[in-house]
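Colleague: Only the shape, not the letters, is given here:
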């Protein structure tokens, strides 16, 4: 029995004893315990004993209830302590397993001779680390591998998407910045690799991810000359513009909406033939958006810089990717 339960039980019993004593004195003062030997006195004594018996029974019931409450409270406290201890042990075991798995995953990046492991093995190690929630370490590895051109853009986009969808706030911020910094490497001979969370512009993205995700998508467009987009990758360009159109349509933050509108303005100038763009989430009316953002200028310094790159990208003399 813990201290609080013991104190409650002692106070209850003590109070009942004092109350019983006071009750007995009152009955004595009223003459309930005076024996006269008459029939009337016998009846009084019998009534007094009945009252005392009832009172004692009530006391016993109260003490029993308090004792049961104290025992139940002690049992609940013990069970809660055991449950917390078990949960802590399970959590520690899970963390140890994840740490061991992470160490094994890191070992997959090199062979026994110390040379770099095959690409498919490194890709598997990245996904293993990400599945264990090691977002910070995984994103650092993605950044490093991308800088050395040792990671495919498809794998990078998948890892970034996983961090945006399932990582904590810090992981989401880090993921979108990795995408922004390496946007040019997301362009492939077949189009461009975009994290699906941004390509579909899912709900629930933070302000930070929405802001830098827009900038990153614009940088992806700048990574390939406009002439190549229009000649060979028009549908892929349409997908990026559709994602930005969704971002602009659903944006509630005035600053972010203005930045997105300014970027869309420049992109749509490069694709005057776009009228309707089909996106899995909705049909984008490019003409309506084009008219709505026709006079929109960027709000922030970064957006101004991105719009400047887009203007250069859309110029007729632009034949190579913007550095």
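Modeller: Looks like it came in fine. Keep in mind that what you see is a predicted model, and the values were worked out from it rather than measured.
Colleague: For my notes, confirm residue 284 occurs in a strand.
Modeller: Yes: counting by DSSP: H, G, I helix; E, B strand; the rest coil, residue 284 is found in a strand.
Colleague: That one bridge partners, please.
Modeller: Per DSSP bridges, the residues bridged to residue 284 are residue 277.
Colleague: Quick check: it vs residue 241, distance?
Modeller: 8 Å (C-beta to C-beta, to the nearest Å). Glycine gets a C-beta too; all of them are placed from N, C-alpha and C.
Colleague: now residue 238: how far from residue 144?
Modeller: For residue 238, the distance to residue 144 - C-beta to C-beta - is 33 Å.
Colleague: Between these two, which has more neighbouring residues?
Modeller: Taking neighbours as other C-beta atoms under 10 Å, residue 238 and residue 144 compare with residue 238 leading, 20 against 11.
Colleague: how close does the closest residue in space to residue 242 that isn't next to it in sequence get to residue 180?
Modeller: Of all residues not flanking residue 242 in the chain, residue 279 sits nearest, at 4.0 Å (C-beta to C-beta, 6 or more residues apart in numbering). The gap separating residue 279 from residue 180 is 22 Å, by C-beta to C-beta.
Colleague: Please enumerate the helices of the chain.
Modeller: 3-29, 39-107, 119-131, 135-147, 153-166, 169-181, 196-199, 207-222, 226-232, 234-250, 254-270, 286-292, 301-314 (DSSP state H).
Colleague: Can you check which residues contact both of residue 284 and residue 241?
Modeller: Shared contacts of residue 284 and residue 241, defined by C-beta atoms under 8 Å, 6 or more residues apart in numbering, are found at residue 277.
Colleague: Now do the buried residues in stretch 256-275.
Modeller: Using 16 or more other C-beta atoms under 10 Å as the test for burial, stretch 256-275 gives 256-268, 270-271, 274.
Colleague: Tell me the one among the residues you listed nearest to residue 153.
Modeller: residue 267 (20.6 Å; C-beta to C-beta).
Colleague: Correct me if wrong: the closest one contacts residue 221.
Modeller: Yes: Residue 267 is in contact with residue 221 according to C-beta atoms under 8 Å; the separation is 6.3 Å.
Colleague: so what sits against both of the two?
Modeller: Contact criterion C-beta under 8 Å, 6+ apart; residues shared by residue 267 and residue 221: 240, 310.
Colleague: ok, residue 129 - how many residues close by?
Modeller: Residues lying near residue 129 (other C-beta under 10 Å) number 25.
Colleague: wait, it sits on residue 138?
Modeller: Yes: using C-beta under 8 Å, residue 129 is in contact with residue 138, at 4.5 Å.
Colleague: ok, residue 168 - contacts?
Modeller: residue 135.
Colleague: can you list the weak-confidence ranges in the stretch 201-323 of the chain?
Modeller: Within the stretch 201-323 of the chain, the ranges that satisfy pLDDT under 70 run 316-323.
Colleague: if we go to 90?
Modeller: Within the stretch 201-323 of the chain, the ranges that satisfy pLDDT under 90 run 280-281, 314-323.
Colleague: Any figure for the gap between residue 222 and residue 274?
Modeller: Relative to residue 274, and taking C-beta to C-beta, residue 222 is found at 18 Å.
Colleague: From residue 161, how far off is the residue nearest to residue 242?
Modeller: Distance of residue 279 to residue 161, computed by C-beta to C-beta: 17 Å.
Colleague: Looking at those two, which has the bigger crowd around it?
Modeller: Ranked by neighbour count (other C-beta under 10 Å), residue 279 and residue 161 place residue 161 first, with 22 against 17.
Colleague: Need the pLDDT of residue 121.
Modeller: Note for residue 121: predicted pLDDT of 79.
Colleague: burial count for it?
Modeller: 14.
Colleague: next one: residue 169
Modeller: 10.
Colleague: Quick check: end-to-end length of stretch 270-288?
Modeller: 16 Å (C-alpha to C-alpha, to the nearest Å).
Colleague: any residues touching it, and which ones?
Modeller: Against stretch 270-288 from outside (C-beta under 8 Å, 6+ apart): 200-201, 226, 229-230, 234, 237-239, 241-243, 245-246, 268, 310, 313-314.
Colleague: Equivalent analysis for stretch 252-259, please.
Modeller: Against stretch 252-259 from outside (C-beta under 8 Å, 6+ apart): 207, 210-211, 214, 248, 251, 296-300, 303.
Colleague: Just the buried ones from those residues?
Modeller: 210-211, 214, 248, 251, 296, 298-299, 303.
Colleague: quick one: which of the residues you listed is nearest to residue 289?
Modeller: residue 248 (6.7 Å).
Colleague: How about the contacts made by the residue nearest to the closest one when sequence neighbours are not counted?
Modeller: Of all residues not flanking residue 248 in the chain, residue 260 sits nearest, at 4.4 Å (C-beta to C-beta, 6+ apart). Residues in contact with residue 260 (C-beta under 8 Å, 6+ apart) are 214, 244, 247-248, 251.
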